[in-house]
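Chemist: this one's structure only:
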């Protein structure tokens with residue numbers, strides 16, 4: 001080949017995707033979605049502006065952080081036997097580690113990774129095509145209150 005097929009210049013910032021850090025998967029997309037329950041409590045406010053009576057208004061908001069949902073999508077990088085390995089070969093219910101949400105002290109949407117807490121794979125989806133490299137979507141949830 002007359003040229004190098006992979007050329008990179010510059011350094012990605014620390015918060016950017018770590019495409020090459022997970023085994024068996026070349027990550028193309030990564031998303032983080034906090035799962036929260038928000039409760040709005042209503043109360044009566046007497047003498048509110050423009051109203052001489054009382055009526056129900058939101059007087060308190062309660063937010064409960066439940067979990068952090070993470071979804072990785074990427075191309076499968078086969079092992080020496082041509083089989084999926086690493087994150088590309090996970091199964092639902094498996095506890096995993098993920099380079100994009102490693103125990104490094106980085107906080108994402110109010111969640112910091114504790115390696116002693118559960119990061120679990122959910123429903124995995126693999127897509128194959130005759131024209132493209134096989135891809136896998138790995139959804140997982142981080143439960144900050146559940147020990148591994």
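Modeler: Everything's here; your move. Note that the structure is a prediction, hence the values are computed from the model and not measured.

Chemist: tell me the pLDDT at residue 51?
Modeler: On the pLDDT scale, residue 51 is placed at 55.

Chemist: now the strands: where do they sit in the protein?
Modeler: For the chain, the strands defined by DSSP state E occupy 25-46, 54-76, 107-108, 111-112, 117-121, 125-127, 135-147.

Chemist: with respect to burial, which of the ones you listed scores highest?
Modeler: strand 117-121 (a mean of 19; mean count of other Cβ atoms under 10 Å). C-beta here means a position set from N, CA and C on the backbone, and glycine is covered the same way.

Chemist: got any ranges where this protein has weak pLDDT?
Modeler: Where the chain drops to pLDDT under 70, the residues are 1-3, 5-6, 12-22, 46-55, 104.

Chemist: apply 80 and report the result again.
Modeler: Along the chain, the model assigns pLDDT under 80 to residues 1-23, 44-56, 103-105.

Chemist: on that earlier part again, tell me which of the strands of the chain lies nearest to residue 4.
Modeler: strand 25-46 (17.4 Å; Cβ to Cβ).
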